[in-house]
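In: mind folding the following:
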Amino acid sequence: MSRAIVVHTPGGPEVLRPAERAVPVPGPGQVVVAVAASGVNFIDIYQRSGGYPVPMPFVPGIEAAGTVVDVAADVTGVAVGDRVAWVNQPGGYAQHVAVPAAAVVPVEPGIPLETAAAALLQGMTAHYLLHDTYPVRPGDTVLVHAAAGGMGQWLTRWARWRGARVIGTVSSAAKAEVARAAGADEIVRYDRADTAAEVRALTGGAGVDAVYDGVGGPTFDASLAALRPRGTLALYGQAGGPVPPFDPQRLNAAGSVLLTRPNLSHHIATRHELLTRAGAVLSLLATGRLRVHVGGRYPLADAAAAHADLAGRRSTGKLLLLPHG
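Out: A predicted model of the protein is given here:
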């Protein structure tokens, strides 16, 4: 038998219930993986709560890493014993998961599986945001919201590595230290100051070249106001709630700025692009040029606590579930 977390009805963290089930058998094109670690992400919370409707019952978790223990007869290129990781596939909150072989990426022996599980989704998101959505160049100044969070630390470290000056927003002194350790050049305490005014002051009134905003509703106005003319607002998430409808004329008034709402799935739509982005992330981890901060590890049975900590902003860095822990 194998343990998993099952959600039978939308609700709060308490609906995350442990359950026993049979070890899955791979269907056509699938492999079965013994999960070493599962990433905890805001999309898991949205699905659990009903914000992003999914068929019930379901096993949450769209990011994990582990070791292949079974493969379908038609699968090539993946074998029992391979160390793999994946994103955007359901069912990660479990000891064993059946995953399409085309969705897994190889993990080099020198990279711990926990690191791969913690890095892949946020790392590939940072990759497309900094290389495609707004390609950061040396000398740019960018604003990263929630810079002490897992995604914020990825963006901060990678933007600095690409030569940018990073202004990070945080809500506490402790989180300011985390953001500075990740490489933020300047810190704005959004709980104490007007974010846009502070950013304008730090840029001599010019504004930033790009804003990377995964918070959404609470930060949207400040993000627009912090941009230079023809700057780019990458609204890649809504951890703080959705952005209300607004008049597109505001983009003109802000200086012909660009607004985009990108999604990782559209940037790993082909096997080639998936392997390219995953390879870039895992390579930087293997060489030590970038690193991931795991802010908390939880046994599978404590999935509710992990959700509560993430939603309550009581964590920094990435949170992991350890199904065999």
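In: when you work out contacts or count neighbours from here on, use the C-alpha atoms and nothing else.
Out: OK.
In: any idea how far stretch 226-243 is from the chain center?
Out: Relative to the centre of its chain, stretch 226-243 is centred 16 Å away, using CA atoms, centre = their mean, to the nearest Å.
In: and for stretch 97-117?
Out: The chain centroid and the centroid of stretch 97-117 are separated by 16 Å under CA atoms, centre = their mean.
In: which parts of that stretch are buried?
Out: 97-107, 112-117 (16 or more other CA atoms under 10 Å).
In: looking at those residues, which are in helices?
Out: 113, 114, 115, 116, 117 (DSSP state H).
In: ok, which stretches of the stretch 151-300 of the chain are strands?
Out: 165-170, 186-189, 208-213, 227-235, 258-260, 294-299 (DSSP state E, counting those that start in this stretch).
In: output those strands as CSV; include the columns distance to residue 127, mean neighbour count and mean pLDDT.
Out: Converted to CSV, these look like this (distance: least, CA to CA, whole Å; neighbours: other CA atoms under 10 Å; pLDDT from 0 to 100):
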stretch, distance to residue 127, mean neighbour count, mean pLDDT
strand 165-170, 16, 26, 98
strand 186-189, 22, 20, 98
strand 208-213, 12, 26, 98
strand 227-235, 13, 22, 98
strand 258-260, 16, 15, 98
strand 294-299, 19, 17, 94
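In: got the buried residues for stretch 307-314?
Out: Buried positions in stretch 307-314, judged by neighbour count with 16+ other CA under 10 Å: 307, 308, 310, 311.
In: check whether residue 219 really touches residue 225, as I assumed.
Out: No - between residue 219 and residue 225 there is no contact under CA atoms under 8 Å: 10.1 Å.
In: picking up where we left off before, adding distance to residue 155, write the strands of the stretch 151-300 of the chain out as TSV.
Out: Output for the strands of the stretch 151-300 of the chain, formatted as TSV (distance: least, CA to CA, whole Å):
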stretch	distance to residue 155
strand 165-170	9
strand 186-189	14
strand 208-213	8
strand 227-235	12
strand 258-260	17
strand 294-299	15
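In: so which of these is nearest residue 54?
Out: Proximity to residue 54 (CA to CA) singles out strand 227-235 among the strands of the stretch 151-300 of the chain, at 23.0 Å.
In: sheet partners, orientation included, of the closest one?
Out: Strand 227-235 has its sheet partners listed here by DSSP bridges as strand 208-213 (parallel), strand 258-260 (parallel).
In: nearest to residue 302, out of those strands?
Out: Comparing the strands paired with strand 227-235 against residue 302 with CA to CA, the closest turns out to be strand 208-213 (29.1 Å).
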